[in-house]
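>>> Sequence plus the predicted model coming up.
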Amino acid sequence: MRRFKRTYIVVGLALLATLAFAATSWAPHPGHVFNATFTPTPPKGFPKDKPQPGELQVALQGVDDPATPNPAPPRATRIDLDVDESIKLSGKRLPQCTHGPASVGGDGALEGTPTTGPGSAQALCGTETANPKEDNALVGTGSASAQIGTSVVSGQALAFNGTNNSILIHIRIDALSTTVVVPGIIGTAPDQSLYGQRVTFLPPAIAGGAGSLASISLDLTRIEKIKKKGKSGASASKKKKKKKKFASIVSGKCTDGTYNFQNVEEYADHETIQEPVTQPCTQK
């Protein structure tokens, strides 16, 4: 009986070297491990009643499943990421990438592009040629791997702020000369008792259906300072000072000392997987 690395993937929302496994919450399931962590920026604790910009780290790593003889991993047809009710994902005040799948209003130009270089994803929507405050839609970075049969190859992952309240995950696997763009639609979580938003991903097949994503790690970190002028008064002495505000892809507050996350995965050839995890949070 052959062993293979069964794939369960959530995209949605650190660079693998910065992911602190010991400090995060894990929920093991036969065949995979899901992890999600939310931290304030800077890390001084979250206020109880006012949202503060932060970083959302999401990772999913496949593990050996000795019970399945088929070396081809199952392909997820739908992946849902539920985030705590006190955390909010929104790119409303950030630049948007208008390329990508038509399902989110894009023109498809990201499909097939490399990560960097002329005509790349970063040149279209990221940092290579973009004005940082006007055209740069890059909101996260990370890594990924894909499995075809018993072979696993690594790749890079970039997250862009898409149109129509979406996040576009661009995964480039150079060893396969393959790029996949996974749109994530931000909506309302069905279970409002613990979660506020749900990000729904519809991952495409890799290598014509012969392969699947084996792991992914993403760090959503984009934060921009926005300066707003105060209203003019009767005299210069009465004018209000300029106020600084922040636009962030993710923000949150700590209301009850706990963050709740959930990963729900649907497969064409496997039962649905539902994985909740929790993380303690600290108030200022």
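All right, it came through fine. Numbers count the residues shown, from 1 in each chain.

>>> Point out the other elements, helices or strands, that the longest strand seen in the chain touches.
In the chain, taking DSSP state E as the definition, the longest strand is strand 52-65. In terms of contacts (3 or more Cβ pairs under 8 Å, 6 or more residues apart in numbering; DSSP states H and E), strand 52-65 is packed against strand 4-6, strand 32-40, strand 87-89, strand 211-220, strand 243-248, strand 250-252. Any C-beta I mention is one placed from the backbone N, CA and C, and that applies to glycine too.

>>> Let's see that with 7 Å instead.
If you count contacts as 3 or more Cβ pairs under 7 Å, 6 or more residues apart in numbering; DSSP states H and E, strand 52-65 packs onto strand 4-6, strand 32-40, strand 211-220, strand 250-252.

>>> Of all the ones you listed, which one is nearest Ile273?
Closest approach to Ile273 among those is made by strand 32-40 (7.4 Å; Cβ to Cβ).

>>> Restricting to C-alpha, output that closest one in PDB.
Presented in PDB, the C-alpha positions along strand 32-40 are these (Å, rounded to 0.1, in the frame of the first residue of the first chain):
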ATOM      1  CA  HIS A  32      -3.800  17.600   7.500                       C
ATOM      2  CA  VAL A  33      -3.000  20.400  10.000                       C
ATOM      3  CA  PHE A  34      -4.700  23.800   9.900                       C
ATOM      4  CA  ASN A  35      -3.400  26.900  11.700                       C
ATOM      5  CA  ALA A  36      -4.600  30.500  11.900                       C
ATOM      6  CA  THR A  37      -3.100  33.400  14.000                       C
ATOM      7  CA  PHE A  38      -4.100  37.100  14.400                       C
ATOM      8  CA  THR A  39      -1.600  39.500  15.900                       C
ATOM      9  CA  PRO A  40      -1.700  43.300  16.500                       C
END
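
>>> Give the buried residues for the helix or strand just after the longest strand of the chain.
Downstream of strand 52-65, the next assigned helix or strand under DSSP states H and E is strand 76-84. Using 16 or more other Cβ atoms under 10 Å as the test for burial, strand 76-84 gives 76, 79-84.

>>> tell me the angle of strand 76-84 relative to strand 52-65?
Put simply, strand 76-84 runs at 140 degrees to strand 52-65, going by axes from the mean of the first three to the mean of the last three Cα atoms, to 10 degrees.

>>> which regions of the stretch 101-250 of the chain lie under the pLDDT threshold?
For the stretch 101-250 of the chain, the stretches with pLDDT under 70 are 130-133, 227-244.

>>> ok so, going back, quickly run through the sheet partners of the longest strand of the chain, with directions.
When sheet partners are counted by DSSP bridges, strand 52-65 sits next to strand 4-6 (antiparallel), strand 32-40 (antiparallel), strand 211-220 (antiparallel), strand 250-252 (antiparallel).
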